[in-house]
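A.B. asks: starting from these lines, generate the structure:
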Amino acid sequence: MSPETTKSWKVLSRLANTETDREDVPRRIEAAGLLADLTKQRLTEPVLEGLLALASERGLRDAIEAQFSGEPINRTEGRAALHTALRAPVDERPESAAEAEAVMTRVLDLADDVRRGTWRGATGKSITDVVHIGIGGSHLGPELAVEALTRPWHLGPRIHFVANIDGTSLSRALAGLDPNRTLFVVVSKSFSTLETRVNAGSSRAWFLERTGDASAIARHFVAVSTNLEAAAAFGIPPSNVYPMWDWVGGRFSVWSPVGLPLALAIGRDRFLEFLAGGHAMDSHFRRTPFAANLPVLMALTGIWNYNFLGVTNQAILPYAERLRLLPDFLQQLIMESNGKSVCHDGTPLNVHSMPIVWGGTGTNGQHAFHQLLHQGTRSFAADFIIVANGEPPASHHRWLNANALAQSQAMLMGQEDADPHKRVAGGKPTTTLVLPDLQPSSLGALIALYEHMVFCQGIIWDINSFDQWGVELGKRLAVPIFEQLGGKPALGQDASTRGLIEYLTRDDS
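C.D. replies: Numbers count the residues shown, from 1 in each chain. You can find the predicted model right below:
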């Protein structure tokens, strides 16, 4: 049921039109080692009370328990959403997730073997490079984590990521690699995802052209998939296949065998620290009263901004170069989860769900798009993500954080000036998240925080945050167009698409 009919929604609507003073609530929350400063959000006491009432009225507490206990909360697909179980101690996992421990032990054993040099290629050489082939959730999370948590001096193989079906992506990843020292990780639950299947096939061809040995595939290719038959047809034996479960969605899968490249990059112990950081946020989320619950408060703040204050853009602004991929990851996590327009019962959602999510790293963004944030006419909210103890030299890091704090201050305070060209309106809602350092546990907590925020907002809006049917439409439409670009008549296409196909296939010779 669309939420605008609830009592608390109506109260919040009145507050949005009447709360003109700025007696905002100073609110700083610590959770799982992170600090969140919500003080620059436009949250008065009556607004906060109304938002907490909304969470109660929408049954958020029961929904949280339903998720953690393994109920099929992904109703359109009849599945649980149990990614939280993958980072929980074994004795805290629902029975339906019991099989995960054995699989993850195999994943970490493989990572250990590759890192120690005991897993060797067909010619007896150790592995120096890993090519991870996936797309979407099987790509964005692992790539973010690997870039954030590895340094040039760390032990472990070099990790290369291939997602885009554009051949440039694959050719760049393969450039200069020794096939006898390269391990390919193919990630596709069905082993049929178009981009992954095409890139994996081309990688196989590249490998065979240089080795001439089809039997060597078994020492140079592994898969994360449930389709053992398709993997075997490709040449990957069952012992090299690490299964996925339908209760782990792609964009929530970095904690699963999909996280293999992270384990390869940082090793077993640090990967377990990553899981522990996520679990620490889970424990806070599950057990803390809503008035002090960080994921809940961030979710409710977003609801206030998007549905009552007219915010149409959410900027993600990490002030850490190693988190430069965070905006890309959160774009998928947030917009693929909550970019919906239909409630659970199939009736229309009569309010807006997620706005556009975008962003970039500081201080680069200050010399690119921050001008719009300060003096443009579009409404937005922003999350600043900073690291307390960052990279040396110390003066660089101090300047980095000084700029982050100054930008959020300017967005709040603005600037009065006699010259209208120099005026800055201010009043822009921002949240600042502080990581103590950029280590596995803090990154795990950060990712889990946003996962839970997304879930809470989905409950408030009564939408399914765990399906993505809109993505399937474009995939289906691409199949006949591919054939038509290869020479088949462009039948059954709209005039625009038909014209473009004819232009791209014309013979100018």
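
A.B. asks: how close does the closest residue to residue 428 other than its chain neighbours sit to residue 419?
C.D. replies: Nearest residue to residue 428 in three dimensions, chain neighbours excluded: residue 411, at 3.9 Å (C-beta to C-beta, 6 or more residues apart in numbering). C-betas here are computed from N, CA, C, even on glycine. Distance of residue 411 to residue 419, given as C-beta to C-beta, to the nearest Å: 20 Å.

A.B. asks: more neighbours: which of those two?
C.D. replies: For residue 411 and residue 419, the more surrounded residue by other C-beta atoms under 10 Å is residue 411, and the numbers stand at 24 against 6.

A.B. asks: hmm, the more buried one is touching residue 425, no?
C.D. replies: No. Judged on C-beta atoms under 8 Å, residue 411 makes no contact with residue 425 at a distance of 9.5 Å.

A.B. asks: who are the contact partners of the residue nearest to residue 428?
C.D. replies: 40, 373, 374, 382, 426, 428, 430 (C-beta atoms under 8 Å, 6 or more residues apart in numbering).

A.B. asks: and for the nearest residue to residue 119 once chain neighbours are set aside, the neighbour number?
C.D. replies: Setting aside the residues directly before and after it, residue 119 is nearest to residue 113 in space (C-beta to C-beta, 6+ apart), at 3.8 Å. Residue 113: 15 surrounding residues under other C-beta under 10 Å.

A.B. asks: centre of the chain to the helix or strand containing residue 113, how far?
C.D. replies: Assigned by DSSP states H and E, residue 113 belongs to helix 100-116. Distance of helix 100-116 from its chain centroid, counting by C-alpha atoms, centre = their mean, to the nearest Å, is 23 Å.

A.B. asks: swap in stretch 373-380?
C.D. replies: 25 Å.

A.B. asks: state the mean pLDDT of the top helix by length along the chain.
C.D. replies: Longest helix in the chain by number of residues (criterion: DSSP state H): helix 440-461. Per-region confidence: helix 440-461 scores 98 on mean pLDDT.

A.B. asks: cool, stretch 329-338 as well?
C.D. replies: 97.

A.B. asks: now the end-to-end length of that stretch.
C.D. replies: 14 Å (C-alpha to C-alpha, to the nearest Å).

A.B. asks: which residues touch it?
C.D. replies: Taking C-beta under 8 Å, 6+ apart as the rule, stretch 329-338 contacts 136-137, 140-141, 144, 251-252, 314, 316, 353-354, 356-359, 447, 450-451, 454, 457-458, 461, 463, 465-466, 468, 471.

A.B. asks: what about 6 Å?
C.D. replies: 140, 144, 251, 316, 353, 354, 357, 454, 457, 458, 465, 468 (C-beta atoms under 6 Å, 6 or more residues apart in numbering).

A.B. asks: which pLDDT value goes with the fifth one?
C.D. replies: What that stands for is residue 353. For residue 353, the predicted pLDDT is 95.

A.B. asks: any idea whether it is helix, strand or coil?
C.D. replies: coil (DSSP: H, G, I helix; E, B strand; the rest coil).

A.B. asks: wait, what's in contact with it?
C.D. replies: 338, 340, 461.

A.B. asks: ok, now the fourth one?
C.D. replies: By C-beta under 6 Å, 6+ apart, the contact list for residue 316 reads 327, 330, 359, 383.

A.B. asks: and what of residue 284?
C.D. replies: Contacts of residue 284 (C-beta under 6 Å, 6+ apart): 31, 32.

A.B. asks: at 10 Å what do you get?
C.D. replies: With contact taken as C-beta atoms under 10 Å, 6 or more residues apart in numbering, residue 284 is in contact with 29-34, 292-296, 445, 448-449, 452.

A.B. asks: among these, which one sits closest to residue 104?
C.D. replies: Closest approach to residue 104 among the contacts of residue 284 (C-beta to C-beta): residue 448, at 16.8 Å.

A.B. asks: ok, that closest one touching residue 286?
C.D. replies: No. Using C-beta atoms under 10 Å, residue 448 makes no contact with residue 286, being 11.1 Å away.

A.B. asks: what do these two both touch?
C.D. replies: Here residue 448 and residue 286 have 84, 295 as joint contacts, going by C-beta under 10 Å, 6+ apart.

A.B. asks: in a markdown table: the contacts of residue 316, plus secondary structure, distance to residue 498 and neighbour count.
C.D. replies: Below are the contacts of residue 316 laid out as a markdown table (DSSP: H, G, I helix; E, B strand; the rest coil; distance: C-beta to C-beta, whole Å; neighbours: other C-beta atoms under 10 Å):
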| residue | secondary structure | distance to residue 498 | neighbour count |
| --- | --- | --- | --- |
| 327 | helix | 36 | 21 |
| 330 | helix | 37 | 25 |
| 359 | strand | 37 | 23 |
| 383 | strand | 43 | 24 |
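
A.B. asks: distance check, the residue nearest to residue 311 when sequence neighbours are not counted against residue 17.
C.D. replies: In space, and not counting its chain neighbours, residue 311 is closest to residue 305: 4.0 Å by C-beta to C-beta, 6+ apart. From residue 305 across to residue 17, the span is 15 Å (C-beta to C-beta).

A.B. asks: more neighbours: these two, which one.
C.D. replies: Neighbours were counted for residue 305 and for residue 17 using other C-beta under 10 Å; residue 305 has more, 22 against 8.

A.B. asks: who are the contact partners of the closest residue to residue 123 other than its chain neighbours?
C.D. replies: Nearest non-adjacent residue to residue 123, counting by C-beta to C-beta, 6+ apart: residue 180, 4.7 Å away. By C-beta under 10 Å, 6+ apart, the residues touching residue 180 are 120-128, 207, 210-211, 213, 216, 219-220.

A.B. asks: what is the nearest of those to residue 87?
C.D. replies: residue 127 (26.6 Å).

A.B. asks: ramachandran angles for the closest one?
C.D. replies: With angles defined as degrees, to the nearest 10, residue 127 sits at phi -90, psi 130.

A.B. asks: tell me the pLDDT of it.
C.D. replies: On pLDDT, residue 127 comes in at 98.

A.B. asks: quick one, what contacts it?
C.D. replies: 113-115, 117, 119-121, 156-158, 178, 180-183, 219-220, 264.

A.B. asks: just the buried residues of these.
C.D. replies: 114-115, 119, 121, 156-157, 180-183, 219-220, 264 (16 or more other C-beta atoms under 10 Å).
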